[in-house]
Structures are given as C-alpha cells and as structure tokens.
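A.B. asks: sequence plus the predicted model coming up.
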Amino acid sequence: MGIAENLSTVQAKIPIGVKLVAVSKTKSNESIMQAYAAGQRDFGENKPQELMAKQKDLPRDINWHMIGHLQTNKVKYIAPFVSLVHAVDSLKLLTTLNLEAQKNNRVITYLLQIHIAQEETKFGFDYKEIVSLIRSEEYKSFYNVRLGGVMGMATFTDDSELVRSEFRYLKDCFLNLKNDFFKEDDEFKDISMGMSDDYIIAIEEGSTMVRIGSSIFGVR
C-alpha cells in the first residue's frame, strides 16, 4: 500500500477529537507531499535543522511539530515557525524557548514531557517536579510560551498492560494538573501519547494526539 492508503487506514482508527501527527523524520519531501495531498497537515520532526529545511521547501499551511528531545542550542532554528514543541523536559529548555519566541515576536505552544516509562533512557519530569515548576517565579515570568498539555512515551515492550498503565498514569497527571492549576485555561487540553505500536491503547486511555510514522510512511 502507498502512503495515502496507509494514512487512510490509520485515520479510520482514530476517533474525532484526536489529532494525528504524521512523523515524517528522515522522510523525503516527496513522501511528505503524498501525505499532504491526501489531506494531512500536521507533521512531526525530531531534528531542528532538517525541520527548518523542510519548512522552507514545503507548503506554508503545514503545522510543524517538534517531537523528541530538543537541545537548547537548536531552539533558534525552529522558533520562527514551529506549531507545537512536544517534549519540554527541563526548565533550561523552557527558558530558552521563551527567549527565542520573544525574539520572533510570537507565543509558542509546548507540552511538558512526563517520564512514565520503565526505561531510564527516556527524558521527562516527574509529577512533583512539574508542580514545583508551575509554582515557580520563573514559570510565571514566561510570557512568550503557552502550556498546551503533557506528553509521554511508554516503555518499549510487548506487555500491553504495562503500556496501558503508563498511559493511564499520564492521563491522571494531566487531570490533576488541569484541576489544580488550569481549570479555567482552555489552552491546557492535550495529552500527546501513542505511536505506531501503541496508539490504539493510548487512544483508549485518553490520548488527544498520536504521533505515527512507520504505519503511514513504512519502516525505514
């Protein structure tokens, strides 16, 4: 099957209200344009320079998502145009994101990454660190970034019950933050969780945004 057919198959499994981010990292502009021609507008990249090059060459109505770990010295490449930064995992990164957004006279929406997996290699805050961050004076001084929700990556495993419990925990974190800090904030609304291997479970556990690459573009 081609990219358009794969995209259609994935879309049929995603309910209304859940956003599909097509993970186009390492994929050619031609492949991205096949998905674009089929109606896809949200694409995810994990290398800022590659993202910047694609943004320059591809249609202006694409919403570019920065997924994966972002180094502070690379923020400047994507700050002028990025739609959503999925994985803010430190105060240092958030500070830099705010500064670069300010330089570009815009407000950048981001998600806080929560460490939900068993693997130590995954990035992210724990819940208590996020509460401390939100209560801090630094956080309150950031006017050029907007918190849109949370994201997390489950353990890479065949144990679907473990994956389900990790997604459930992320949803609980979101609900607690919403209730305690963002009850009146309509912008705090997203739970980005779920990739090609586990997005069905993620949706069942409350995901509002899934990041899918290989099921659309094929395995590298």
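C.D. replies: Happy to help now that I have it. Fair warning: this is a prediction, and the values are worked out from it, not measured in the lab.
A.B. asks: which residues sit in contact with Met193?
C.D. replies: Met193 sits next to 151-154, 167, 170, 202, 205, 207, 209-210 when contact means CB atoms under 8 Å, 6 or more residues apart in numbering. All C-beta spots, glycine's among them, are computed from the backbone N, C-alpha and C.
A.B. asks: for the chain, what spans make up the strands?
C.D. replies: Ranges of strands in the chain, per DSSP state E, are 19-23, 42-45, 63-66, 84-88, 108-113, 145-151, 190-192, 209-212.
A.B. asks: same list (the ones you listed) but as TSV, adding mean pLDDT and distance to Val219.
C.D. replies: Shown next, in TSV, are the strands of the chain (pLDDT from 0 to 100; distance: least, CB to CB, whole Å):
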stretch	mean pLDDT	distance to Val219
strand 19-23	98	12
strand 42-45	98	17
strand 63-66	98	21
strand 84-88	96	22
strand 108-113	98	25
strand 145-151	98	23
strand 190-192	98	22
strand 209-212	98	13
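A.B. asks: closest to Asp159 out of these?
C.D. replies: Checking those against Asp159 by CB to CB gives strand 209-212 as the closest, at 19.7 Å.
A.B. asks: what comes into contact with the closest one?
C.D. replies: By CB under 8 Å, 6+ apart, strand 209-212 touches 10, 14, 18-23, 44, 65, 67, 86, 151, 190-196, 199, 202-203.
A.B. asks: next, the buried residues of it.
C.D. replies: For strand 209-212, a neighbour-count test (16 or more other CB atoms under 10 Å) marks 209-212 as buried.
A.B. asks: are any of the contacts of strand 209-212 buried, and which?
C.D. replies: Buried by 16+ other CB under 10 Å: 10, 14, 18-23, 44, 65, 67, 86, 151, 190-196, 199, 202-203, out of the contacts of strand 209-212.
A.B. asks: dump the buried residues of strand 209-212 to TSV, plus distance to Ile114.
C.D. replies: Output for the buried residues of strand 209-212, formatted as TSV (distance: CB to CB, whole Å):
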residue	distance to Ile114
Met209	14
Val210	17
Arg211	15
Ile212	20
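A.B. asks: which of those sits closest to Lys74?
C.D. replies: Checking the buried residues of strand 209-212 against Lys74 by CB to CB gives Arg211 as the nearest, at 18.9 Å.
A.B. asks: partner residues bridging that closest one?
C.D. replies: Val21 (DSSP bridges).
A.B. asks: distance of Gln102 relative to Asp126?
C.D. replies: Separation of Gln102 from Asp126 (CB to CB, to the nearest Å): 28 Å.
A.B. asks: more neighbours: which of these two?
C.D. replies: Neighbour count, other CB atoms under 10 Å: between Gln102 and Asp126, Gln102 has more, with 16 against 12.
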